[in-house]
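In: After the sequence you'll find the predicted model.
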Amino acid sequence: MSKVPVNFTPVSHPHQDVVCEEKNLGHRAKFFATARDNNTDFCYPFGLAVDRNDNIYIADAGNGRIQVYHQSGYYLRTIGESGRDKGELFCPRDVAVTELGKVLVADSGNHRIQVFDSSGEFVQIIGRQGISAALLGNQGSGQGVFHTPCGVALSTDEDYIIVADRGNHRVQVFTADGQFSHMFGSQGKRPGEMCEPWGVAVTPDDHIVLADNRNNRLQVFTLDGDFVRTIEGEGDFLLNGPSGVAVSNDGSYIACSDTGNNRVVVFTLMGLYVDSYTGSIGLPRGVTIDSMSRVIVADTANSHIQCLYWKA
């Protein structure tokens with residue numbers, strides 16, 4: 001299989017005071033890892049997103065909150081706090097941001113999606129109350145009910161919210177105001193089936209790219225849920241437990257956090273292998289791509305964020 005000659009290279013960064021101590025960086029740069037106070041500590045960061053200004057939103061799962069950073073690495077604010085009430089989060093695993101700055105959180109441990117406005121104030125909960133379970137919040141398998149949702153994304157026109165409903169082995173789709181629209185997928189290994197889906201992303205033509213974690217593959221669907229293709233990698237670059245997935249702004253490539261192999265892998269939209277980053281990284285989960293073509297990845301085991309510059 002041919003490999004397109006492109007590489008991950010270091011991010012040039014003028015504000016060295018916000019970059020953590022660098023050790024054996026090679027061609028990577030670590031950002032946001034040095035804790036100056038409790039607001040900037042991380043504990044198992046998972047999903048990532050960027051807004052229209054390239055501010056970076058981090059689902060700080062172990063701390064039960066969303067951390068927001070300026071693209072250059074400065075801490076900006078925190079959204080939510082650990083808990084089970086409205087506006088509180090328990091093990092959030094993904095985040096998405098609308099064009100106007102509304103923030104959607106996969107509040108995984110509470111089995112719901114929460115919506116916050118651009119200033120971080122609670123707006124609403126998406127997902128009807130399911131079966132009450134002590135210590136597990138409200139979970140269920142019915143229409144519009146979640147069991148450990150781990151991925152959230154928006155359609156191109158932001159008319160739909162797409163959720164990877166991990167514990168129910170399916171994808172659920174809601175309208176922008178949080179009303180259930182449709183769902184697809186069931187547990188299994190065949191094309192169109194899934195097992196513990198994690199991250200989800202949307203291409204410019206509204207194809208859904210899903211990290212089918214336990215089946216060691218990505219799957220591509222139409223917005224209606226029709227199966228399009230499977231992306232598994234090949235040879236030394238077979239996927240192993242992929243968690244996060246992101247699509248470049250122009251739709252030309254997909255970045256995937258290949259968690260079981262401790263690396264980031266890049267494919268074309270058709271599934272051809274392009275490149276990979278296998279530097280010092282532990283159990284990467286979330287991944288996003290900003291307007292500067294930086295591939296930003298949650299280095300979850302090391303509780304920090306890495307920014308990789310994608311250079312053709």
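Out: Arrived safely, thanks for sending.

In: if you average pLDDT over the longest strand along the chain, what comes out?
Out: If you go by DSSP state E, the chain has its longest strand at strand 304-311. The average pLDDT for strand 304-311 rounds to 78.

In: on contacts alone, who are the packing partners of it?
Out: Contacts defined by 3 or more C-beta pairs under 8 Å, 6 or more residues apart in numbering; DSSP states H and E place strand 304-311 against strand 7-9, strand 29-31, strand 45-50, strand 294-299. All C-beta atoms are positioned from the backbone trio N, CA, C, and that covers glycine.

In: Confidence-wise, which of the ones you listed is weakest overall?
Out: strand 7-9 - the lowest mean pLDDT of the helices and strands packed on strand 304-311, at a mean of 37.

In: residue ranges with poor pLDDT in the stretch 201-312 of the chain?
Out: Within the stretch 201-312 of the chain, the ranges that satisfy pLDDT under 70 run 310-312.

In: repeat that for 50
Out: Counting by pLDDT under 50, the stretch 201-312 of the chain shows no low-confidence range.

In: so where do the strands sit in it?
Out: Under the criterion DSSP state E, counting those that start in this stretch, the stretch 201-312 of the chain contains strands at 207-212, 217-222, 227-231, 242-247, 253-258, 263-268, 273-277, 287-289, 294-299, 304-311.

In: okay, those strands in JSON lines with mean neighbour count and distance to His182 next?
Out: Putting those into JSON lines (neighbours: other C-beta atoms under 10 Å; distance: least, C-beta to C-beta, whole Å) gives the following:
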{"stretch": "strand 207-212", "mean neighbour count": "26", "distance to His182": "12"}
{"stretch": "strand 217-222", "mean neighbour count": "21", "distance to His182": "11"}
{"stretch": "strand 227-231", "mean neighbour count": "17", "distance to His182": "15"}
{"stretch": "strand 242-247", "mean neighbour count": "27", "distance to His182": "21"}
{"stretch": "strand 253-258", "mean neighbour count": "27", "distance to His182": "24"}
{"stretch": "strand 263-268", "mean neighbour count": "22", "distance to His182": "27"}
{"stretch": "strand 273-277", "mean neighbour count": "20", "distance to His182": "32"}
{"stretch": "strand 287-289", "mean neighbour count": "25", "distance to His182": "26"}
{"stretch": "strand 294-299", "mean neighbour count": "26", "distance to His182": "30"}
{"stretch": "strand 304-311", "mean neighbour count": "21", "distance to His182": "34"}
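
In: Next, format the ones you listed as a markdown table and append distance to Glu193.
Out: Formatted as a markdown table, these follow (distance: least, C-beta to C-beta, whole Å):
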| stretch | distance to Glu193 |
| --- | --- |
| strand 207-212 | 9 |
| strand 217-222 | 9 |
| strand 227-231 | 9 |
| strand 242-247 | 16 |
| strand 253-258 | 19 |
| strand 263-268 | 21 |
| strand 273-277 | 24 |
| strand 287-289 | 24 |
| strand 294-299 | 27 |
| strand 304-311 | 32 |
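
In: So for Tyr75, which of these sits nearest?
Out: Ranking these by proximity to Tyr75 (C-beta to C-beta) places strand 304-311 first, at 11.7 Å.

In: tilt between that closest one and strand 263-268?
Out: Going by axes from the mean of the first three to the mean of the last three C-alpha atoms, to 10 degrees, strand 304-311 is angled at 30 degrees with respect to strand 263-268.

In: Show the contacting residues for the residue nearest to Ile161 when sequence neighbours are not counted.
Out: In this structure, Ile161 finds its nearest non-sequential neighbour in Phe174, 4.5 Å apart by C-beta to C-beta, 6 or more residues apart in numbering. By C-beta atoms under 8 Å, 6 or more residues apart in numbering, the contact list for Phe174 reads 113, 126, 144, 160-161, 163, 180-181.

In: try 10 Å this time
Out: Neighbouring residues of Phe174 by C-beta atoms under 10 Å, 6 or more residues apart in numbering: 104, 113, 126-127, 144, 152, 160-163, 180-183.
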